[in-house]
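J.: sequence and predicted model, in that order:
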Amino acid sequence: MLTETVQGGQNPSICGKASAVTLPNGPKGVFVPVCYTIVPTNGQAFQAYAGVLVGLSGSVGMAIRWVTPASASVYNAFLKETGAFLGSVHWKLLKG
C-alpha cells in the first residue's frame, strides 16, 4: 500500500503519529500519515502528503487513501469538502 501511494515519489516517511481509527462505517483499523516528494520530469518538485486508512475484517481488507500537496490549508479544505462523503462509505462483507 505504501509503495503504491508514493509511486514516483522520493524520500517517503511516516510524518506523524499512526493511530487507531474506525474506518467510515467499517472495521477498526489504522491511520498512517505519509510525506514524500514528487519530482516531475518537466517541472518543480513539491512536497505531498498522503493519508492512508487501512482496516481488516476477517480475511477482507479495506483501504482508503488520498494525496494532497503538503499544505495544511489544502489538506483542511480537502477534509471539509470530503468529510460527508467519507462518512457515507459503507462497509459490507459479502460472503461467497
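T.: Looks like it came in fine. Residues are numbered from 1 along each chain as shown.

J.: C-alpha only now, for contacts and for neighbours.
T.: Will do.

J.: what about Asn76, how many residues close to it?
T.: Counted with other CA atoms under 10 Å, the neighbours of Asn76 add up to 11.

J.: what about it, distance to Pro69?
T.: Counting by CA to CA, to the nearest Å, the gap from Asn76 to Pro69 is 11 Å.

J.: now swap in Leu23 and tell me
T.: Leu23 is 23 Å from Pro69, by CA to CA.

J.: those two: who's more crowded?
T.: Neighbours per residue (other CA under 10 Å) separate Leu23 from Pro69, with Leu23 holding more: 23 against 17.

J.: contact partners for the more buried one?
T.: Residues near Leu23 by CA atoms under 8 Å, 6 or more residues apart in numbering: Gly29, Leu53, Val54, Gly55.

J.: partners of the helix or strand containing the second one in the sheet?
T.: I take that to be Leu53. Secondary structure from DSSP states H and E places Leu53 in strand 46-57. Applying DSSP bridges, strand 46-57 is found paired with strand 28-38 (antiparallel), strand 60-69 (antiparallel).

J.: quick one: distance of it to the chain centre.
T.: With CA atoms, centre = their mean, to the nearest Å as the basis, strand 46-57 stands 2 Å off its chain's centre.

J.: contacts for it, please.
T.: Counting by CA under 8 Å, 6+ apart, 5, 22-23, 26-39, 61-70, 93 sit against strand 46-57.

J.: may I see the buried residues of it?
T.: Ala48, Tyr49, Ala50, Gly51, Val52, Leu53, Val54, Gly55 (16 or more other CA atoms under 10 Å).

J.: report the lowest-confidence entry in the contacts of Leu23.
T.: Minimum pLDDT for those is recorded at Leu53 (82).
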